[in-house]
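just a sequence and a predicted model for now, questions to come.
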Amino acid sequence: MKISLNQSTGAFALVLALTGSTFASADQLADIKKAGVLRVAVIDQNPPFGLIDEKTKETVGYDVDFAKAFAKKIGVKLEVVGTNPANRIPLLQSGKVDLIVADLTNTPERAQVVDFSYTYFISGQQLLVPAKSSSKLADYATQRVGAVKGTTGENQLKAQFPNVKAISYDDLPQAFQALRSSNVQAITQDGSVLVDALARSQDKANFKILPDFLSTELIGIGVKKGEKAILDLVDGSLIALEKSGQAAKIYDKWFGSGALVNVPRGFKIAVGK
């Protein structure tokens, strides 16, 4: 899915006609090339999309590998800016980063302030609960459920279950700890993220992921509004990565045979999707 808003207005066109003036639009891609660095926001506490490598102390993950591909295409160095879900869009709008490559779900609300690339990952929102708890999604409609602040999961939870007691946390590890401590009866996040989090846990036998989905998540790269040149480059790079097989290799590394848990890739990056 690709959503963008037309930035032109009738008033602006009228000013041009009356004054005969021309305005040079900012070109973020040109600025990136001039600076020699691409700054990308990545959530570094969201494995396998983004996490801190214990040995190198560098941020790695599915999102980072795509960010590296974009920087290589432009011909500049990559600077990964660690962030959290709530701060992703503010970082982009303030000019502190050039792209959001941080498990960002494409929603109509976000598309009002951010342009989205083609979808490069598809997931579904699920619940992680204690192993002995109910397996019925509806049984958690009025329970205390943890969600990561600033995520679509938080919004979808409240939309699906108006009477739920939603508790917000800064990141998934905090939410998971709240579940362990019985401060909440469940936590919600993209299923692919929950699968990875559970696989990394020493007490994985104590929990389970419910099979039913709260929503389907179409995840894209966030670009500053109106920056067509950089958006076109990102979209072109995504299609090229899919055609070359590199996108599938990146997926396999983090979610497939090379990952802690093998989750089959049920999508392909496509033009206009």
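Structure's in. What do you need?

from residue 123, how far out is residue 147?
For residue 147, the distance to residue 123 under the criterion C-beta to C-beta, to the nearest Å works out to 15 Å. Every residue, glycine included, has its C-beta placed from N, CA and C.

how many other residues sit next to the residue nearest to residue 227 when sequence neighbours are not counted?
For residue 227, the nearest residue in space outside its immediate sequence neighbours is residue 28; the separation is 4.4 Å by C-beta to C-beta, 6 or more residues apart in numbering. The burial metric for residue 28, expressed as a neighbour count using other C-beta atoms under 10 Å, is 19.

got a list of what residue 28 touches?
Contacts for residue 28 were tallied using C-beta atoms under 8 Å, 6 or more residues apart in numbering; they are 98, 224, 227, 229-230.

what's in contact with stretch 176-186?
127-130, 133, 140, 143-146, 167, 169, 175, 187, 197, 201, 203, 206-207, 210.

quick one: buried residues of it?
Judged by neighbour count (16 or more other C-beta atoms under 10 Å), stretch 176-186 contains these buried residues: 176, 178-179, 184-186.

now for the residue lying closest to residue 263 once chain neighbours are set aside, how many residues are close by?
Taking C-beta to C-beta, 6+ apart as the measure, residue 263 lies nearest to residue 255, with 4.8 Å between them; neighbours along the chain are not counted. The criterion is other C-beta under 10 Å. On that basis, residue 255 has 23 neighbouring residues.

that older thread, report the two of the buried residues of stretch 176-186 separated the most.
In those, two members sit farther apart than any others by C-beta to C-beta. They are 176 and 185, at 13.3 Å.

just the strands in this structure please.
Assigned by DSSP state E, the chain shows strands spanning 37-43, 45-46, 50-52, 59-60, 77-83, 99-105, 114-116, 121-130, 144-148, 165-169, 186-190, 207-209, 215-224.

ok, now which ones touch the spatially closest residue to residue 248 that is not a sequence neighbour?
Excluding its sequence neighbours, the residue lying closest to residue 248 (C-beta to C-beta, 6+ apart) is residue 265, at 6.4 Å. Taking C-beta under 8 Å, 6+ apart as the contact definition, residue 265 lies against 248, 251-252, 255-256.

repeat that with 7 Å
Applying C-beta atoms under 7 Å, 6 or more residues apart in numbering to residue 265 gives the contacts 248, 251, 255-256.

so what's the residue count around the closest residue to residue 163 other than its chain neighbours?
With sequence-adjacent residues excluded and distances taken as C-beta to C-beta, 6+ apart, residue 163 is closest to residue 142, at 4.9 Å. Summarising burial for residue 142: neighbours were counted as other C-beta under 10 Å, giving 13.

residue 142 and residue 164 touch, don't they?
Yes - look at residue 142 against residue 164 with C-beta atoms under 7 Å: they come within range, at 6.3 Å.

so what touches the top helix by length along the chain?
Of all the segments of type helix in the chain, defined by DSSP state H, the longest one is helix 228-244. By C-beta under 7 Å, 6+ apart, the surrounding residues in contact with helix 228-244 are 27-29, 69-70, 73-74, 98, 115, 117-118, 120, 221, 223, 247, 268-269, 271.

show me which of the residues you listed are buried.
Counted by 16+ other C-beta under 10 Å, the contacts of helix 228-244 give 28-29, 69-70, 74, 98, 115, 117-118, 120, 221, 223, 247, 269 as buried.

so, if you compare these, which one comes nearest to residue 193?
Relative to residue 193, and with distances defined as C-beta to C-beta, the nearest of these is residue 120, at 15.2 Å.

isn't the closest one up against residue 220?
Yes - applying C-beta under 7 Å, one finds residue 120 in contact with residue 220, separated by 6.5 Å.

so who does residue 199 touch?
Under the criterion of C-beta under 7 Å, 6+ apart, the contact list for residue 199 reads 260-261.

residue 45 too?
The neighbours of residue 45, taking C-beta under 7 Å, 6+ apart as the test, are 171-173.
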